[in-house]
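[1] what follows is a predicted structure for the sequence shown.
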Amino acid sequence: MEDMKLITNNMRNFVSKKEMDDVFRPMKLIHGALKKKECPGNDFVGWLDLPSTIPLALVKDIEQTAAKIRKQADVFISLGIGGSYLGAKATIEFLKPAFANELKSEKPKVYFAGHNLSADYLTDLFAVCKNKKVVINVISKSGTTTETAVVFRIIKQYLEKIYGKKKIKDKIVCTTDESRGALRKMADEEGYKTFIIPDDVGGRFSVLTPVGLLPIAVAGIDIRALIKGAADFEKKCNNVTLNSNPAYKYAAIRHLLYKKGKVIEILSSFHPSLQYVSEWWKQLYGESEGKNKKGVFPASCNFTTDLHSLGQIIQDGRRNMFETFLVVDKSASRQSVPKVKDNLDGLNYLAGKDMEFINRKAYEATSSAHYEGGVPNMTIFIPKRNPYYLGQLFYFFEKAVAMSGLLLGVNPFNQPGVEAYKKKMFKLLGKP
């Protein structure tokens, strides 16, 4: 089976072979430290071999729970924020039809909450749930994450009003710590079904734990294929040579560009289904690298849409950025341009051509124009939209950011800066 590919032709004149060879020396040392789990943050590197070591019994438990939910629920709500929702959201958006929740055949409808503090959003969600059978999955290691805990408290009360306090046991699934925290205590007291968040896997690396796998399975997606793709790429990324390890090659190029003042990376996709993959990537890279006044700022664009809004600054603005394109190689659908007699829009030159062919030419033109305009870029080709290749992509980015962060000299597995706004917010809210 073909793997996803990293193409770096548009790095010519920006990164030299000698520079790549020089950065490879410290990378070999970091590779050894990662493999032995002797790097900074080594108590949070459980994701490294997670794809190849996930217990089959756990996978079956997730599948069976998901099948039960799919049978009983009209609406499934996943409550979480950051890594507790972005992986599942990215997977569902990438693999399901664009308007899946509008289809009568889609059961259950999958929605996300607990990732904002908007009363309007929650009220609108309740309107969708009216007269529907609802099951929720609340995801929080501590059970006290403000956004998720606030929304859970409100939704739990909503469920109690509909079903009665004694009949919501089978309406709530908790994904939380094995033995500690408010959510674990509540789950044990109320008898809710639970899944465990591993102690050695941080939230932004948790898509292949029950955090991501349960909502993904409820959506009807093959989680075994997702895990298999990641496991196969885990093997590929254990190779220490740059030419055969695309994750390390990507990390090396990013590091060299950063040292040359390219402090912004734009992840640009040409398929709307990749929008939340980009959001997942932004959290992974922003939280992992952004420390000690260091780090590449992760941004994203959805092309060709954003070429009509941000294309100007990318083409002619400050030359402090580089670009990584995400391209789906083979689309599942075909839509060709019809020929019309009057040709008022002047598009008959495209008559008979497939939209994906036109989209591919837009990508080729954009990567070439941006390169010539002084924006170095590389491309990740995803063979097609399926769980296997998305599993590859997830692991590729995870392994690359571990190497990138350690090359920068930061601990890529903590996020001390996230606590700053919380302390201010708690003070303003009068938290005792």
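    Received it, and whenever you're ready, just let me know what you need. Residues are numbered from 1 along each chain as shown.

[2] from now on I want contacts and neighbour counts done on CA atoms only, so please keep to that.
    Fine.

[3] for this protein, what helix or strand is lowest in average pLDDT?
    helix 418-429 (a mean of 80; mean pLDDT, DSSP states H and E).

[4] need the helices for the stretch 301-432 of the chain, in chain order.
    311-316, 355-372, 387-408, 418-429 (DSSP state H, counting those that start in this stretch).

[5] circling back to that earlier point, got the CA coordinates for the least confident helix or strand of the chain in PDB?
    C-alpha atoms of helix 418-429 as PDB (Å, rounded to 0.1, in the frame of the first residue of the first chain):
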ATOM      1  CA  VAL A 418      -1.600  27.700  29.200                       C
ATOM      2  CA  GLU A 419      -2.000  28.200  32.900                       C
ATOM      3  CA  ALA A 420      -1.400  32.000  32.700                       C
ATOM      4  CA  TYR A 421      -4.800  33.000  31.400                       C
ATOM      5  CA  LYS A 422      -6.500  30.500  33.700                       C
ATOM      6  CA  LYS A 423      -5.100  32.200  36.800                       C
ATOM      7  CA  LYS A 424      -6.300  35.600  35.600                       C
ATOM      8  CA  MET A 425      -9.700  34.200  34.700                       C
ATOM      9  CA  PHE A 426     -10.200  32.500  38.000                       C
ATOM     10  CA  LYS A 427      -9.200  35.700  39.800                       C
ATOM     11  CA  LEU A 428     -11.800  37.700  37.800                       C
ATOM     12  CA  LEU A 429     -14.400  35.100  38.400                       C
END
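
[6] by contact count, what packs against it?
    With contacts defined as 3 or more Cα pairs under 8 Å, 6 or more residues apart in numbering; DSSP states H and E, helix 418-429 has no helix or strand neighbours.

[7] tell me which of the helices of the stretch 301-432 of the chain is the most buried.
    helix 387-408 (a mean of 23; mean count of other Cα atoms under 10 Å).

[8] quick one: distance of that helix to the chain centre.
    Put simply, helix 387-408 sits 11 Å off its chain's centre (Cα atoms, centre = their mean, to the nearest Å).

[9] try stretch 243-261
    That offset, for stretch 243-261, works out to 20 Å (Cα atoms, centre = their mean).

[10] again, but for stretch 151-163
    Using Cα atoms, centre = their mean, the offset of stretch 151-163 from its chain centre is 29 Å.

[11] so what touches that stretch?
    Identification of contacts with stretch 151-163 by Cα atoms under 8 Å, 6 or more residues apart in numbering yields 79, 113-114, 117, 122, 138, 165, 167-168.

[12] same thing with stretch 406-421?
    Contacts for stretch 406-421 (Cα under 8 Å, 6+ apart): 26-27, 30, 40-41, 44-45, 202, 255, 287-289, 291-292, 294-295, 401-402, 405.

[13] can you pull the pLDDT of Leu307?
    Each residue has a pLDDT score; the one for Leu307 is 95.

[14] for Lys423, see how far away it is.
    39 Å (Cα to Cα, to the nearest Å).

[15] same question for Gly114.
    Counting by Cα to Cα - Gly114 and Lys423 are separated by 19 Å.

[16] what's the domain layout of this structure?
    Per automatic domain parsing, the structural domains of the chain span 5-39+226-408, 50-221.

[17] could those domains be laid out in CSV, adding distance to Val418?
    What follows is the domains of the chain, written out as CSV (distance: least, Cα to Cα, whole Å):
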stretch, distance to Val418
domain 5-39+226-408, 8
domain 50-221, 11
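
[18] hang on, the earlier thing: least confident of the contacts of stretch 151-163?
    Ranking the contacts of stretch 151-163 by pLDDT, Lys165 lands last with 86.

[19] could you pull out the strands for this structure?
    Ranges of strands in the chain, per DSSP state E, are 5-7, 75-79, 109-113, 134-139, 172-176, 193-196, 264-269, 297-302, 321-330, 377-384.

[20] and these: which comes nearest Lys235?
    Closest to Lys235 of these is strand 5-7 (Cα to Cα; 15.2 Å).

[21] wait, what's in contact with Gly352?
    Gly352 neighbours (Cα under 8 Å, 6+ apart): 336-339.

[22] for it, phi and psi?
    phi 90, psi -10 (degrees, to the nearest 10).

[23] against Ile358, how distant is it?
    11 Å.

[24] rewinding a little: in JSON lines, list the strands of the chain along with mean neighbour count and distance to Val218.
    Converted to JSON lines, the strands of the chain look like this (neighbours: other Cα atoms under 10 Å; distance: least, Cα to Cα, whole Å):
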{"stretch": "strand 5-7", "mean neighbour count": "16", "distance to Val218": "30"}
{"stretch": "strand 75-79", "mean neighbour count": "25", "distance to Val218": "8"}
{"stretch": "strand 109-113", "mean neighbour count": "21", "distance to Val218": "8"}
{"stretch": "strand 134-139", "mean neighbour count": "25", "distance to Val218": "10"}
{"stretch": "strand 172-176", "mean neighbour count": "25", "distance to Val218": "12"}
{"stretch": "strand 193-196", "mean neighbour count": "20", "distance to Val218": "14"}
{"stretch": "strand 264-269", "mean neighbour count": "23", "distance to Val218": "27"}
{"stretch": "strand 297-302", "mean neighbour count": "19", "distance to Val218": "27"}
{"stretch": "strand 321-330", "mean neighbour count": "21", "distance to Val218": "25"}
{"stretch": "strand 377-384", "mean neighbour count": "20", "distance to Val218": "22"}
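
[25] circling back to that earlier point, right, so of the domains of the chain, which gets closest to Leu428?
    That would be domain 50-221 among those, by Cα to Cα, at 13.6 Å.

[26] thanks a lot, see you next time.
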